[in-house]
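Student: Mind folding the following:
(one chain, ligands or ions: 1)
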Amino acid sequence: MWVCSASPLVAEICAGSGLDWLLIDAEHSPNGLEAILAQLQAVRSYPVTAVVRPPVNDAVLIKQYLDLGVQSLLIPMVHTADDAAAAVAAAHYPPLGIRGVGSALARSARWNRIPDYLARASETITVMVQIESREAVENAAAIAGTDGVDAVFIGPSDLAASMGLLGQQEHPDVVAAVEHCITVAKAAGKPVGVNAFAEATARRYLEAGVDFILVGADVALLARGSEALAAKYIPEAGPGTTASY
Ligand SMILES: O=C(O)C(=O)C[C@H](O)[C@@H](O)CO
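Tutor: Purely as a prediction, here's the structure:
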């Protein structure tokens, strides 16, 4: 599930839910470095994989995230194989990539308490790239085949928008494009994931063979849950009518 509330407490609640991975989002959520660090610390002792999405495919931000101790990255808006290669390079030290060296100062290396961190860092890092545009769908094979791309994740919302179908992630053309990317990623031998909040769509993508899937979000659960609570006790009220924005 998505963790968008920037709250370590909420992240910890979600981490103990039984779900097996969390996406801490900084693209559309108010997650700065300090909030991401606090959430990593909050979920660390739970049997859950924490993936973090930066707001942009940027080498400086990726360096900061990795130094915080992020091990699994989801890089948004990867449209070409060059974009994918740039994300991979940002995640690895030379000679594989361009990650700056700050392990003595960084939680990732537990301030040089992890032996051989510099030599072994790449083994600990997973780079997932997001296909979420018409251009990326056209380049899906090259993106999935890029060396160092560990997995591909499809974003139906932005994909729908780039296809002229804003808000219509269930549109048959969007679903077909998603299923095409699933097939292409699997042909490249890469694990593939997708976002699908509608259960029927989620199950369809699972049938199509996705390896990992996001099926809900903390903020959405709280919004719908609090609305249901309000409706039960204040049936005349609707969302937003009992408070000003
Ligand atoms: O395009 C997508 O789909 C995503 O990247 C997920 C969205 O960012 C998220 O807002 C859920 O709709």
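Student: and stretch 228-245, how far from the chain's centre?
Tutor: With CA atoms, centre = their mean, to the nearest Å as the basis, stretch 228-245 stands 32 Å off its chain's centre.
Student: Now do that stretch, average pLDDT.
Tutor: Stretch 228-245 carries an average pLDDT of 78.
Student: Name the residues that touch it?
Tutor: 223, 227 (CB atoms under 8 Å, 6 or more residues apart in numbering). No exception for glycine: its C-beta is placed from N, CA and C like everyone else's.
Student: Can you point out the buried residues in that stretch?
Tutor: Using 16 or more other CB atoms under 10 Å as the test for burial, stretch 228-245 gives no buried residues.
Student: tell me which element Gln41 falls in.
Tutor: For Gln41, the enclosing helix or strand under DSSP states H and E is helix 33-43.
Student: by contact count, what packs against that helix?
Tutor: helix 8-15, strand 21-25, strand 49-53, helix 59-68 (3 or more CB pairs under 8 Å, 6 or more residues apart in numbering; DSSP states H and E).
Student: want to throw those into CSV with mean neighbour count?
Tutor: Compiled in CSV, these are given as follows (neighbours: other CB atoms under 10 Å):
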stretch, mean neighbour count
helix 8-15, 20
strand 21-25, 23
strand 49-53, 22
helix 59-68, 20
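Student: Out of the ones you listed, which gets nearest to Asn195?
Tutor: Between Asn195 and the helices and strands packed on helix 33-43, the shortest separation by CB to CB is 8.8 Å, and it involves strand 21-25.
Student: does any part of the closest one sit near the ligand?
Tutor: No: using CB under 6 Å from any ligand atom, strand 21-25 never reaches the ligand; the gap is at least 7.2 Å.
Student: tell me the angle that strand makes with helix 59-68.
Tutor: 130 degrees (axes from the mean of the first three to the mean of the last three CA atoms, to 10 degrees).
Student: For strand 21-25, which strands pair with it and how are they oriented?
Tutor: Applying DSSP bridges to the sheet, strand 21-25 is found paired with strand 2-3 (parallel), strand 49-53 (parallel).
Student: Could you say which one of those comes nearest to Asn112?
Tutor: Per CB to CB, nearest to Asn112 of the strands paired with strand 21-25: strand 49-53, 22.8 Å.
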